[in-house]
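# A predicted structure for the sequence below; I have some questions about it.
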Amino acid sequence: MFYKIILLFLFNLTFSNDRSIIFNAPPSTLVSGFDLYNNDNFSNSVADRFYINNDYILEGFSLWMKSDINSTITVKLFSDNFNSPGDLIYEWPLNLAASDFFAEIYTPTVSFCINLTSNSYYWLSVETPDSIANISWQHSILNSYYSTSDNGIDWSESIYGPVGATSIRGEQIFTFSQGYPDGDINFDFYTDVLDVVIGVGFVLGNEQLDTDQILALDLNFDSYIDILDIVLLVELVLEDPTMMPDFSLEDINPNSENFGQNIGPSFYNGVVSGYYFGKAG
């Protein structure tokens, strides 16, 4: 079985920091914005579209909002459906304090473990259930695509222009593979008895190998494939070399049963074949 480990490099560790702003729509210097309302006859919600080219865990988002009274908004994350908001992924109810000025409202989302898939469009929308407040989402200096809805269900065709001021952050997901082990002739990420059978068959003239397979079988690097390579291959199988690197990192997820402990692959030895380590794990 091919072992895979997904690493999120954390800011407070010695690994590289790959926390990124995956969508940046800074607020304008103007005081204009999208009006959000909800009354008996009319309602209005707005969604910004954004694109990511890597796999990320959603870390958090900022919105620049103002409301004339203490009020409530609902922020929703959607997948894309033919250039319009599609399936709902998650939603957050947020409270706004009354203010005459636009202010940044930051919402952390790491604990929700929301995976954003590479090469995909997503939509972040804002609506309000409040029927009294006058709420505004400040325009950004960025011109991009957004959509509006009069009920939060039926969305308009995407519109190009100033979007709602937003900053979306994520932590990039990496897939780690140590590569093929020595003697892995059939490239299945294991060196086992099947590789021995293939190697013996080649030495006896009963198997055909391509150039890459021959290089993998030449374990003593003498440019010949003979019984010495088979002996070395058998030793590798009997030693059962591990492909999984070992390390130890502090579990900083407060929702984890191992919170505060140093854990790593050896912590789960014999229990699972895949490991996920990071703030969102």
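The structure has been received and is ready for your questions.
# surely residue 122 is in a helix?
No: according to DSSP: H, G, I helix; E, B strand; the rest coil, residue 122 belongs to no helix; its state is strand.
# pretty sure it contacts residue 77?
Yes: between residue 122 and residue 77 there is a contact at 6.4 Å, judged by CB atoms under 8 Å. For glycine as for every other residue, the C-beta is placed from the backbone atoms N, C-alpha and C.
# now do the helices in this structure.
Under the criterion DSSP state H, helices of the chain are mapped to 193-203, 211-217, 227-239.
# may I have the longest one as CSV, with CA atoms only?
Written as CSV, here are the backbone C-alpha positions of helix 227-239 (Å, rounded to 0.1, in the frame of the first residue of the first chain):
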residue,chain,number,x,y,z
ILE,A,227,22.3,-13.0,-9.2
LEU,A,228,24.1,-10.4,-7.0
ASP,A,229,21.2,-7.9,-7.6
ILE,A,230,18.7,-10.7,-6.7
VAL,A,231,20.5,-11.4,-3.5
LEU,A,232,20.4,-7.7,-2.5
LEU,A,233,16.7,-7.5,-3.5
VAL,A,234,15.9,-10.5,-1.3
GLU,A,235,17.7,-8.8,1.6
LEU,A,236,15.7,-5.6,1.1
VAL,A,237,12.5,-7.6,1.3
LEU,A,238,13.5,-9.5,4.4
GLU,A,239,14.6,-6.2,6.1
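# please renumber so the chain begins at 12
Yep, numbering from 12; the last one is helix 238-250 now.
# got the contact list for the residue positioned nearest the centre of the chain?
Central residue of the chain (CA atoms, centre = their mean): residue 67, 2.2 Å from the mean position. By CB atoms under 8 Å, 6 or more residues apart in numbering, the contact set of residue 67 is 31, 33, 126-127, 181-184.
# which residue of the protein lies farthest from its centroid?
Outermost in the chain, CA atoms, centre = their mean: residue 215 at 48.6 Å.
# what packs against the longest strand along the chain?
Ranked by residue count, the top strand of the chain under DSSP state E comes out as strand 146-160. For strand 146-160, the packing partners by 3 or more CB pairs under 8 Å, 6 or more residues apart in numbering; DSSP states H and E come out as strand 30-36, strand 44-49, strand 54-63, strand 67-78, strand 96-107, strand 131-138, strand 170-175.
# how close does the residue nearest to residue 157 when sequence neighbours are not counted sit to residue 215?
Excluding the flanking residues, the one nearest residue 157 by CB to CB, 6 or more residues apart in numbering is residue 174, at 4.6 Å. To residue 215, residue 174 is 68 Å away according to CB to CB, to the nearest Å.
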